[in-house]
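S.K.: When you get a sec, could you give me coordinates for this:
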Amino acid sequence: MAGEPLLYGSATALVVVDEPSCDLGGREHCQAVSDMGVAIAGAGALPLLDLRADPEAGKAFVADQSLIDRIKALNKRALIVCGGLLEGALTQVSLRTLMDGYDVFVPADLICTAEPEKEHLFLSRITSCGGNILTSRQVILELLSGIKDDDKRGPLEALLNAELGRLRGARKGGAGAQD
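M.R.: Down below sits the predicted model:
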C-alpha cells in the first residue's frame with residue numbers, strides 16, 4: 001500500500017559486517033559506522049547480528065552456510081546491513097540474503113569502502129539484485145513511522161535528534177571554515 005514504511009521493527013534485524021582487511025587507515029571511521037548501526041538496532045529494539053565480534057574474525061570473510069543459518073535464526077524477513085567492506089563482506093551478505101528472499105536495506109552512510117570512487121558500482125550491484133539503498137536517517141524515520149507508543153519511539157527519536165545535531169554542527173563548522 002502506498003505510503004507505508006518499508007521497514008517495520010517487528011520484521012527487521014540489523015547485521016553489522018566486518019572483515020580483517022577493513023583497516024584502511026580509517027579504522028575509526030569503520031568503527032563509528034558500525035557503532036551507529038548497533039545504536040539503531042538498540043534504539044529500535046531490533047535483533048542484532050554483530051559480526052565484528054565473530055570468532056572467525058581472523059579469517060577472510062565468507063558468506064557461507066553457517067552465516068546464513070545465523071541470519072535465519074534471527075527470524076526476520078528484512079535486514080539492514082551495514083559496516084564494511086562494501087566491496088567484500090557487505091556486498092556478499094547483501095547479495096546472498098537477497099538470493100535467499102530477504103528484503104535488504106543498506107544505509108549508504110553506514111558503510112566502509114577501500115574504493116570510494118567506485119562506491120556507486122557496488123551499490124548499484126546490490127540494487128540491481130533487488131536491494132534498497134537509503135540513509136541511516138531514512139532507516140530511523142521508517143522505523144519510527146511504524147511505532148505508535150511514545151515510550152518505544154523515544155530512543156529512536158533521541159538518536160535521530162543527536163544525528164541531526166551532529167549534521168547541523170558539521171554544516172556550521174564547514175560554513176565557518178569557508179568564511
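
S.K.: Distance check, the most centrally placed residue in the chain against Arg96.
M.R.: Central residue of the chain (Cα atoms, centre = their mean): Cys82, 3.0 Å from the mean position. Per Cβ to Cβ, to the nearest Å, Cys82 is found 16 Å from Arg96. Every C-beta, even on glycine, is put in place using the N, C-alpha and C of the backbone.

S.K.: List the contacts of Gly84.
M.R.: Val17, Asp18, Glu19, Cys22, Cys30, Val33, Ser34, Leu90, Ile111, Cys112, Thr113 (Cβ atoms under 8 Å, 6 or more residues apart in numbering).

S.K.: So the fifth one sits against Gly83, correct?
M.R.: It stands for Cys30. Yes: shown here, Cys30 and Gly83 form a contact pair, counting by Cβ atoms under 8 Å, at 7.2 Å.

S.K.: Looking at those two, which has the bigger crowd around it?
M.R.: Gly83 (27 against 21; other Cβ atoms under 10 Å).

S.K.: Is the more buried one part of a helix or strand, or is it coil?
M.R.: Of the three states, Gly83 takes strand under DSSP: H, G, I helix; E, B strand; the rest coil.

S.K.: and Ser10, how many residues sit next to it?
M.R.: Neighbours around Ser10, by other Cβ under 10 Å: 11.

S.K.: how close does the spatially closest residue to it that is not a sequence neighbour sit to Ala45?
M.R.: The shortest distance from Ser10 to any non-neighbouring residue, by Cβ to Cβ, 6 or more residues apart in numbering, is to Gly146 (7.7 Å). Distance of Gly146 to Ala45, given as Cβ to Cβ: 12 Å.

S.K.: got it, and Met36?
M.R.: From Met36 to Ala45 the distance is 16 Å (Cβ to Cβ).

S.K.: Between these two, which is the more surrounded one?
M.R.: Met36 (19 against 14).

S.K.: before we move on, back to that, hmm, Cys30 and the residue nearest to the centre of the chain touching each other?
M.R.: No: counting by Cβ under 8 Å, Cys82 does not reach Cys30; the two are 10.4 Å apart.

S.K.: all strands of this structure, in order?
M.R.: For the chain, strands defined by DSSP state E occupy the ranges 12-17, 48-50, 78-84, 103-107, 111-112, 132-134.

S.K.: can you redo those as TSV with mean pLDDT and distance to Ile126?
M.R.: Putting these into TSV (pLDDT from 0 to 100; distance: least, Cβ to Cβ, whole Å) gives the following:
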stretch	mean pLDDT	distance to Ile126
strand 12-17	95	13
strand 48-50	94	18
strand 78-84	94	9
strand 103-107	96	6
strand 111-112	92	10
strand 132-134	96	7
